[in-house]
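A.B. asks: Here is a sequence with its predicted model. Questions after.
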2 protein chains.
Amino acid sequence: MSRPPASGDVFRAVADPTRRGLLDLLAAEDLPVNDLARSFDMTLPAVSQHLRILREVGLVRERREGRQRFYHLRADPLREMAAWVGQYERFWRRKLQALGAHLERNP
Amino acid sequence: MSRPPASGDVFRAVADPTRRGLLDLLAAEDLPVNDLARSFDMTLPAVSQHLRILREVGLVRERREGRQRFYHLRADPLREMAAWVGQYERFWRRKLQALGAHLERNP
DNA sequence: TTGACAATTAAGCTTTAACTTAAATATAAT
DNA sequence: ATTATATTTAAGTTAAAGCTTAATTGTCAA
């Protein structure tokens, strides 16, 4: 059985600011590890390890091109997060609405 | 100076499944710690510590009532997360659209 | 084929997280 | 006053994260 690639741990994968930064970069364009690493204040292996974690939860894919490895964003696993956080939208919407009503009463 | 209540660490706060569970419970109703703790397979202090972390990032508030402490959801800090993950929506939307187009060509 | 480059894996270290049990605090009930 | 209840804080343990340097693998170029 091939289990769904570490679902649930998407939250943990994305908890780290470096990893969110990596995803943000990859949202713009596919990039090789060296280029990615330049944006962060840590060694190349460290970035490589972060990429491994993103790979494990399916948030990025690797494509080999010569001796470089281009990373490509796969956003799908984030849908789980979007769905979860979406359930809370009504709470802040409710509050905004209350604020609006208040401003209307007290213009 | 009162710094913005630990913004950015909302991701980390919510990375833990127990803490997400707590928020999910509180989305339905305000509850005292004991009632909250019953839902989890760990000691009361452990749950109390999770609640502290949620408090620190402003995701819950405490209201004292007799000797109980009712916790109340404050969803606002999740907006940061919603905004971040929302930026990725276009990616899976694009993919769904591609799938749709494919199915139309190959009915 | 030797050497340089791109990246990962291995090994080790330090910090942080997530628990536990025990002690402390605060309120309520007897 | 004592005792019980609700919760937190303290102290200590274990495991996982996040780094680093060093060693390894694979590809290109001279």
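C.D. replies: It's in.

A.B. asks: Find me the pLDDT at A:Arg63, would you?
C.D. replies: We have a pLDDT of 97 for A:Arg63.

A.B. asks: Can you give the distance of the helix ranked longest in chain A from its chain's centre?
C.D. replies: Ranked by number of residues, the top helix in chain A under DSSP state H is helix A:89-105. Distance of helix A:89-105 from its chain centroid, counting by C-alpha atoms, centre = their mean, to the nearest Å, is 29 Å.

A.B. asks: could I get it in PDB with only the CA atoms?
C.D. replies: Provided in PDB are the C-alpha atoms of helix A:89-105 (Å, rounded to 0.1, in the frame of the first residue of the first chain):
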ATOM      1  CA  GLU A  89     -13.000  32.400   8.000                       C
ATOM      2  CA  ARG A  90     -16.600  32.900   9.200                       C
ATOM      3  CA  PHE A  91     -15.200  33.900  12.600                       C
ATOM      4  CA  TRP A  92     -13.200  36.900  11.400                       C
ATOM      5  CA  ARG A  93     -15.900  37.700   8.900                       C
ATOM      6  CA  ARG A  94     -18.400  37.800  11.600                       C
ATOM      7  CA  LYS A  95     -16.200  40.200  13.500                       C
ATOM      8  CA  LEU A  96     -15.700  42.400  10.500                       C
ATOM      9  CA  GLN A  97     -19.400  42.500  10.000                       C
ATOM     10  CA  ALA A  98     -20.000  43.500  13.700                       C
ATOM     11  CA  LEU A  99     -17.400  46.300  13.200                       C
ATOM     12  CA  GLY A 100     -19.200  47.500  10.100                       C
ATOM     13  CA  ALA A 101     -22.600  47.500  11.900                       C
ATOM     14  CA  HIS A 102     -21.100  49.500  14.700                       C
ATOM     15  CA  LEU A 103     -19.600  52.100  12.400                       C
ATOM     16  CA  GLU A 104     -22.900  52.400  10.700                       C
ATOM     17  CA  ARG A 105     -24.600  53.100  14.000                       C
END
